[in-house]
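> generate a structure from the sequence data that follows.
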Amino acid sequence: MASSRVLKSWKEISNYLQVGMRTAQRWERDFDLPVHRIGGHRGSAVVSIVEELDKWLQTRPAGGLGLGPRGSETGADSDPIDYGGTLMTDLLWKRPSRPAQLEKEIEIVRKIIPQIANQDPACVLNNLVVHAMELCKVDAAGVSLAEANDHGEAVFRWTAAAGKMKEHLGGTTPRTFSPCAVCLERNAPQLFSFPERSFTYLQDLDLSITELLLIPLFADSECFGTLWVFSHETPRKFDREDARILSSLADFAGIAVRMMRLQQHKARADECSVAEFQAMTRLYEIGSRCAHRGSNFDEYLDAAVVTAIGMTEADKGNLQLFDPALGGLTIAAQRGFDEPFLKFFAVVRDDVSACGAAMQSAQRIVVEDVMQSDVFAGRPSLDVLLAAGVRAVQSIPLISSSGKVVGMISTHFRRPHRPDKRQLHFMDLLARQATDYVERMQSKKVLRCGSEQFKILFDNAPVWD
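Residues are numbered from 1 along each chain as shown. Below you'll find the model as predicted:
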């Protein structure tokens, strides 16, 4: 092949490199693939010189790109790890390519486009994997997306599945050791034969996977999962045509996932709006109560605890007031605690608890897990909290205008937890409101005591003629 040959389109460039067009474009963006733009800006026509491409291929780290000879997306030639002989990606590019079914592919694309515009993104993904099964003539297909499970572990979840894998929809594989992980690490199509021999947890599927082909998925320039197909009962051998088909469908899958994320963001935003409205309503209601001339002090304190529990989505809570005579915090109102807890924390003077630490520092204290916190390490208070079913706690001090701690509001959680910024902000507002109310009521009490003492002195004063 003459070194002076000029490639005049992305199709010619990707064919020469023996990769998909999206991969070639990604290499230009991320790895400085030598491509020249006639118009001098993105979107204009492109050309590339074969000699420059050959030189670039020789100087790039093949393992980082998943490259084999002349850029083939094999990943096997440059990496000695073959996962127990199950990784067979080099065969994908060596096998004769079956004829393309362009008419069938165009027909399916015409179905996909209106589905993306009118259907729920999750439905679009499920339709896509069905189309992948149809075009690749396989027994199963699916989409795996990277996420964290309920325990905070990084996994790939089968978000869409069809064929033999439909009953396993929602299942997961490890993020660090799985066929999907290999595909994302190499950023290129990967072919496995009987992957369950290396990734033994796949044996739980009770399926003998003859061949598994995976394509990386991208959305907003982020690699977030894979589109995959596998053969089970049919003697199907994948080739570069299957990789091309899946790469085309992967573009639509990326759009669907991007739409799913937008929906999730909107749902979270709607939830936050509702939560904020509810929190502001609670603050308004309790503020109206304390502003009422005939308000009951104990009723307000109890309402403040209920409001704090609701705003932080906690399981229990209490409000303490500082007693100068005892030199510590005493529980004035609470919800959810039994006698052992109330007796142990009847008077808090030091920092052996979250409220005590908050009183000493005059700052909010958040303990996400009492079993992992230095505040409770080796102290009797830890056993009391665990016996009360408390794993997390936040305490915010009530600080008067003179800078003194006059009380404390604490909320408690059954599981390790940290309230979000929005919840903590509303706790700040509640604490400020409660501080004002407590100060005002204490001032009235002082004035009332002073008036009574003055009356006693006046009534007992000697009368001079």
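> for the spatially closest residue to L135 that is not a sequence neighbour, give its distance to R391.
The shortest distance from L135 to any non-neighbouring residue, by C-beta to C-beta, 6 or more residues apart in numbering, is to I245 (5.0 Å). Yep, even glycine has a C-beta here, placed from its N, CA and C like the rest. Using C-beta to C-beta, to the nearest Å, we find I245 at a distance of 50 Å from R391.
> and the two? Which one has more around it.
Applying other C-beta atoms under 10 Å to I245 and R391 shows that I245 carries more neighbours, namely 23 against 19.
> and the more buried one, which of the three is it?
Three-state assignment for I245 (DSSP: H, G, I helix; E, B strand; the rest coil): helix.
> number the chain from 8, please
New numbering, starting at 8: the last item is I252.
> residues touching it, list them.
I252 makes contact with E112, A139, L142, C143, according to C-beta atoms under 8 Å, 6 or more residues apart in numbering.
> tell me the one of those nearest F245?
Within the contacts of I252, the smallest distance to F245 is 7.4 Å, found for C143 (C-beta to C-beta).
> wait, what's in contact with the closest one?
L220, V236, R243, F245, D249, I252, L253.
> so what's S238 closest to, chain neighbours aside?
S238 sits nearest to T217 (C-beta to C-beta, 6+ apart), 4.5 Å away.
> ditto for D146
Closest to D146 by C-beta to C-beta, 6+ apart is H239, at 4.0 Å.
> cool, L436 as well?
Counting by C-beta to C-beta, 6+ apart, the residue nearest L436 is L290, at 5.8 Å.
> circling back to that earlier point, now tabulate the contacts of C143 in TSV and tack on distance to I119 and secondary structure.
Output for these, formatted as TSV (distance: C-beta to C-beta, whole Å; DSSP: H, G, I helix; E, B strand; the rest coil):
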residue	distance to I119	secondary structure
L220	20	strand
V236	16	strand
R243	23	coil
F245	22	coil
D249	18	helix
I252	13	helix
L253	14	helix
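> so which strand or helix has L336?
strand 335-342 (DSSP states H and E).
> nope, A107 is what I was after
Following DSSP H and E, one finds A107 outside all helices and strands.
> the closest residue to it other than its chain neighbours in helix, strand or coil?
Excluding the flanking residues, the one nearest A107 by C-beta to C-beta, 6+ apart is E248, at 6.0 Å. Put simply, E248 is helix when judged by three-state DSSP.
> for E248, give me its contacts.
Contact analysis of E248 by C-beta under 8 Å, 6+ apart lists S104, R105, P106, A107.
> how close does it sit to A129?
For E248, the distance to A129 - C-beta to C-beta - is 28 Å.
> equivalent analysis for R422, please.
28 Å.
> neighbour count: these two, which is higher?
Just comparing R422 and A129: by other C-beta under 10 Å the higher neighbour count belongs to A129, 16 against 10.
> once you drop chain neighbours, what's closest to the more buried one?
Here the residue nearest A129, using C-beta to C-beta, 6+ apart, is M267, at 6.6 Å.
> list the buried residues for stretch 322-341?
Of the residues in stretch 322-341, 322-329, 335-336, 338-341 count as buried by neighbour count, 16 or more other C-beta atoms under 10 Å.
> can you report how many residues lie near the nearest residue to Q370 once chain neighbours are set aside?
In this structure, Q370 finds its nearest non-sequential neighbour in P404, 7.1 Å apart by C-beta to C-beta, 6+ apart. Residues near P404, counting by other C-beta under 10 Å, number 26.
> strands along the stretch 8-157 of the chain, start to end?
Using DSSP state E, counting those that start in this stretch, the strands found in the stretch 8-157 of the chain span residues 13-14, 43-44, 53-56, 147-155.
> how about the ones you listed, which one is nearest R33?
Ranking the strands of the stretch 8-157 of the chain by proximity to R33 (C-beta to C-beta) places strand 53-56 first, at 14.0 Å.
> mind listing what the closest one pairs with, with the direction of each?
Strand pairing for strand 53-56, determined by DSSP bridges: strand 13-14 (antiparallel), strand 43-44 (antiparallel).
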